[in-house]
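Peer 1: Next comes the sequence, and after it the predicted model I'd like to discuss.
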Amino acid sequence: MSVLSKLKVYATKPHPCSYQDGKEATTLFIDPKAELDEIAYQDLTEIGFRRSGTHYYRPHCQSCNDCIPARIPVNTFTPARRQKRIENKNRDLTVHSVASIAGEEYYQLYANYIESRHEDGDMYPPTPDQYQEFLARQTRFGHFTEFRLEGKLLAVSVRDNLTDSFSAIYTFFDPEYSNRSLGNFAVLWLISEAKREKLDYVYLGYWIRSCRKMSYKIDYRPIELLLNNRWQTLN
């Protein structure tokens, strides 16, 4: 926790949990005025912090430890049969890094995704300002990747590049192509890119056992979970 001793850290007041009905959440967040370098951000990620927009945060609930940070050790990851099928199904996609996702084409994809898949979430209803603040704003660490089929935009992946890893910030995709499992494919693509760049991990954010929408994260094996301040491998 030495990195925290060098930064101002604040806590929110208890507020309704975004993931579990009837529960309250408290969040730690780093001073928004702090300028993090690659080492500080890497250290924060290793102790469970995430980025959302320009904010770096971590759950700090008094009576609940259900939000468990998860990461994939890319050099020992072995795709399951279903994951291999997903990769094969999407071999016809073209994948490109892009400098910005601020255009209308990207926003419409995001809005359709939120309205179709996350109507019960705190990002609903989507607005251009919310999209800009959450994902499209340029940050020091952020990188954008688009996935297209014959020119049609199907999915966008937002990640942060850290010193030894990728942090998967968010993926959104065209709901009409749900049979392609584009969210899973984006993670598999990140794993392959991390291997190519000789990185160690892909961070997936938080896994909550009771949250159905997060169940996919535990399908990547082996996976490491941050339990009692120590990363433990689940094969």
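Peer 2: Done, it's in. Numbering: from 1, shown residues only.
Peer 1: Break the chain down into its structural domains.
Peer 2: Domain assignment for the chain, taken from automatic domain parsing, gives 2-66, 70-101+134-234.
Peer 1: List just the one of those domains that sits closest to N112.
Peer 2: Closest to N112 of those, according to C-beta to C-beta: domain 70-101+134-234, at 6.2 Å. Heads up, the C-betas are built off the backbone N, CA and C, glycines and all.
Peer 1: Quick check: mean pLDDT of that closest one?
Peer 2: In this model, domain 70-101+134-234 carries a mean pLDDT of 96.
Peer 1: Endpoint to endpoint, stretch 227-235 covers what distance?
Peer 2: From its first residue to its last, stretch 227-235 covers 15 Å (C-alpha to C-alpha, to the nearest Å).
Peer 1: Could you give the separation of that stretch from the chain centroid?
Peer 2: Per C-alpha atoms, centre = their mean, to the nearest Å, the displacement of stretch 227-235 from the mean C-alpha position of its chain is 19 Å.
Peer 1: Contacts made by it with the rest, please.
Peer 2: Counting contacts by C-beta atoms under 8 Å, 6 or more residues apart in numbering, the residues outside stretch 227-235 that touch it are I47, I68, R71, P73, I218, R221, P222, I223, E224, L225, L226.
Peer 1: Likewise for stretch 96-103?
Peer 2: The set of residues external to stretch 96-103 that reach it, using C-beta under 8 Å, 6+ apart, is Q132, L135, A136, Q138, H143, F144, T145, E146, R148, V156, V158.
Peer 1: Pull out the buried residues from that stretch.
Peer 2: Within stretch 96-103, the residues that qualify as buried are I101, counting by 16 or more other C-beta atoms under 10 Å.
Peer 1: centre of the chain versus that stretch, how much separation?
Peer 2: Stretch 96-103 has its average C-alpha position 17 Å from the chain's average C-alpha position, going by C-alpha atoms, centre = their mean.
Peer 1: quick one on the thing from earlier: what's the PyMOL line that selects buried ones from the contacts of stretch 227-235?
Peer 2: The command below creates a PyMOL selection of those among these that count as buried (16+ other C-beta under 10 Å):
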select buried, resi 68+71+73+223+224+225+226
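Peer 1: Would you check how far apart the residue of the chain most remote from its centre and Q108 are?
Peer 2: In the chain, the greatest distance from the average C-alpha position (C-alpha atoms, centre = their mean) is reached by E150, at 26.5 Å. E150 sits 18 Å away from Q108 when distances are taken as C-beta to C-beta, to the nearest Å.
Peer 1: try G151
Peer 2: The spacing between G151 and Q108, counted by C-beta to C-beta, is 15 Å.
Peer 1: of the two, who's got more company?
Peer 2: The neighbour comparison of G151 against Q108 (other C-beta atoms under 10 Å) goes to Q108, with 13 against 6.
Peer 1: what about D92, is that helix, strand or coil?
Peer 2: coil (DSSP: H, G, I helix; E, B strand; the rest coil).
Peer 1: Skipping its backbone neighbours, what lies nearest it in space?
Peer 2: L149 (6.5 Å; C-beta to C-beta, 6 or more residues apart in numbering).
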